[in-house]
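In: The sequence and its predicted three-dimensional model are supplied below.
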Amino acid sequence: MTSMQLIGLNTKWYRYQKGLTQEQYASKTRFKTAYISTIETGDANLTCKNIDYIAQSFHIKPQALFDERTALLSKKLPIRVDMYKRD
């Protein structure tokens, strides 16, 4: 898995854990929804500044965005956060 894919999948994982849609997360971070989608698909070549910003938005260390275990868990998530009711 590439670094871009790891960051993308982990961004999706943490966003999902917060119960946020891409639209809601985009509003919170002031990124465009299309950019969130590009990040989560592993197609965004992020700067260190944006990696730090994403980590801060989730209150995690930037290293957590490179965790392969949570990235693999993210692959099992539904396509849209609102398609799955959480308790």
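Out: Received, thanks.

In: First-to-last residue distance for stretch 56-67?
Out: In stretch 56-67, first residue to last residue: 16 Å (C-alpha to C-alpha, to the nearest Å).

In: Let me know the next secondary structure element after the top helix by length along the chain.
Out: Using DSSP state H, we find that the single longest helix of the chain is helix 3-17. Per DSSP states H and E, the first helix or strand lying C-terminal to helix 3-17 is helix 22-29.

In: In that following helix, which residues are buried?
Out: For helix 22-29, burial by neighbour count (16 or more other C-beta atoms under 10 Å) applies to Gln22, Gln24, Tyr25, Ala26, Thr29. Heads up, the C-betas are built off the backbone N, CA and C, glycines and all.

In: List the buried residues in the following helix or strand past it.
Out: Going down the chain from helix 22-29, the next helix or strand is helix 33-40, by DSSP H and E. Residues of helix 33-40 classed as buried by neighbour count (16+ other C-beta under 10 Å): Ile36, Ser37, Thr38, Ile39, Glu40.

In: returning to that earlier point: quick check: mean pLDDT across the longest helix of the chain?
Out: In this model, helix 3-17 carries a mean pLDDT of 96.
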